[in-house]
Structure formats: structure tokens, C-alpha cells
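> the following comprises the amino acid sequence and a computationally predicted model.
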Amino acid sequence: MSDLLYQATLHPQQMLTNIAPFMEKMKQLAQLAHIELQDFQIDHIALRINDEALAELARAAWGEYGEEISSAQINGRPIIVFQFHPPLVIETWEIECLELPYPVQGKRYPEQNWEHIEVVIPASGDTAPAYLDSLMKRYPNMAKAWSQFDALGVNVKLSSPQGAGERLANPTIALKWQGVTLKIHPHSLKQVIESERGGQ
């Protein structure tokens, strides 16, 4: 069955080979936003898949690269989280987790590939607008870049995704540009998962 993943270029071996150009584009987006990526933890990396059967195959295949630590229903679809063993090393970063969202019914991505990384930037605020305000005050260069996003083609989305049982608010700011998305939030995915288990 892994042949189907290979045909879709979604097998982990192919995805890991293709990660360099994705990360180059991500660094370009971070520069536009005046975010010094090397100063922060890349919490996790996520891919996008349009077909539920392929998502099931990918779930089994990525299980050989780490341990499944969460399966949560968020916005009506499963989101699976794997903890890499060992961590995925990309340049100077050690990425601990992979997020595998199942497809949203009625929505199709133009390309099945790597989709986003999430970066932990500590700041206060339990809602996305409050968190954004805190970031703007803490990082004035980021605040200056914000006013130019429309001209640069950077789309911004604020959200507060939360799975059932999560006790830790983790508002998210998503910056989308040329097919990749950089998400910023105050807590790591592992901390949020721990909150489901009463760890917070």
C-alpha cells in the first residue's frame, strides 16, 4: 500500500528529501515578517493531504519515524501528532513533532506537500488578538513589517484552535505566503497535549 504514498510523493522518505526547498521558502517568509527564526524553537512541522485514505497510509508510515502522542478532533477532523525519535534535524533546529491533519471535507489544497511550521514565541495573551498585541509591543520590527504585508502578498489569519480537553490556551497567528504558512504561538504542541492530560 505504500506504493500509493510513493505515487503521490507523500512517503516519508520523499517528504524528508523535499524538505530543504520548503524550509528555504519558510526562511524567506520569516525575513519578510522580521522574525529571527534561529532565535526560536520550531515546535513542529505539518503536511497537507487531500485524501483520507492517503492520510491513513501516511499515519502508518510516519509511525516508523516516531511515536503517536496525540489524536484529537479539531474543527471536525482528526489531527495526529507524532514525536520524532530522534528529533528531525534541519540546519540548526531540532524539530520534535510532526502534525498530520486529516483532510477537511470539501476543501482541497492545490498541492499535497509540506504545509506549515509552527514557531514558539513566548508572549502574553489568551486570545489571538491579545497575543498579537503583546508580540507587536515586544518585537517592534515585526510591528513595522505588519503594515506592509498586503503589499508583499502575505495573508494573516488569527485563530484559537482547541481540541477537546485542552486546558492551555494557545492562540495562533498564521502568515501565509506563496503556498507555505508560518504559524506563531506562545506554547509548544507538547505542552498543549500535556494540558489534555491534566499536566497544566
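Structure's in. What do you need?

> mind checking which helix or strand of the chain has the lowest mean pLDDT?
Lowest mean confidence among the helices and strands of the chain (mean pLDDT, DSSP states H and E): helix 189-196, at a mean of 76.

> send the alpha carbons of that helix over as PDB?
C-alpha atoms of helix 189-196 as PDB (Å, rounded to 0.1, in the frame of the first residue of the first chain):
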ATOM      1  CA  LEU A 189       2.400  21.500  20.900                       C
ATOM      2  CA  LYS A 190       3.700  19.100  23.500                       C
ATOM      3  CA  GLN A 191       2.700  21.500  26.300                       C
ATOM      4  CA  VAL A 192      -0.900  21.700  24.800                       C
ATOM      5  CA  ILE A 193      -1.000  17.900  24.600                       C
ATOM      6  CA  GLU A 194       0.100  17.600  28.200                       C
ATOM      7  CA  SER A 195      -2.700  20.000  29.200                       C
ATOM      8  CA  GLU A 196      -5.200  17.400  27.800                       C
END
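
> low pLDDT regions in this structure?
1-2, 161-168, 196-200 (pLDDT under 70).

> neighbours of residue 24, how many?
Neighbourhood size, residue 24 [other CB atoms under 10 Å]: 10. Yep, even glycine has a C-beta here, placed from its N, CA and C like the rest.

> could you do residue 25 as well?
So residue 25, with other CB under 10 Å, has 16 neighbours.

> right, and it touches residue 180 too?
Yes - Residue 25 lies in contact with residue 180 (CB atoms under 8 Å); the separation is 5.0 Å.

> can you show me the strands along this structure?
41-47, 66-74, 77-90, 93-101, 114-120, 155-159, 172-177, 180-185 (DSSP state E).

> now the spatially closest residue to residue 138 that is not a sequence neighbour, what are its backbone angles?
Leaving aside its chain neighbours, residue 138 sits nearest to residue 123 (5.6 Å; criterion: CB to CB, 6 or more residues apart in numbering). Backbone geometry at residue 123, expressed as degrees, to the nearest 10, gives phi -170, psi 160.

> contacting residues for the nearest residue to residue 84 once chain neighbours are set aside?
For residue 84, ignoring the flanking residues on the chain, the nearest one in space by CB to CB, 6+ apart is residue 66 at 4.2 Å. Residue 66 is in contact with 82-85, 97-98, counting by CB atoms under 8 Å, 6 or more residues apart in numbering.

> list buried residues within those residues.
Neighbour counting by 16 or more other CB atoms under 10 Å classes 82-84, 97-98 among the contacts of residue 66 as buried.
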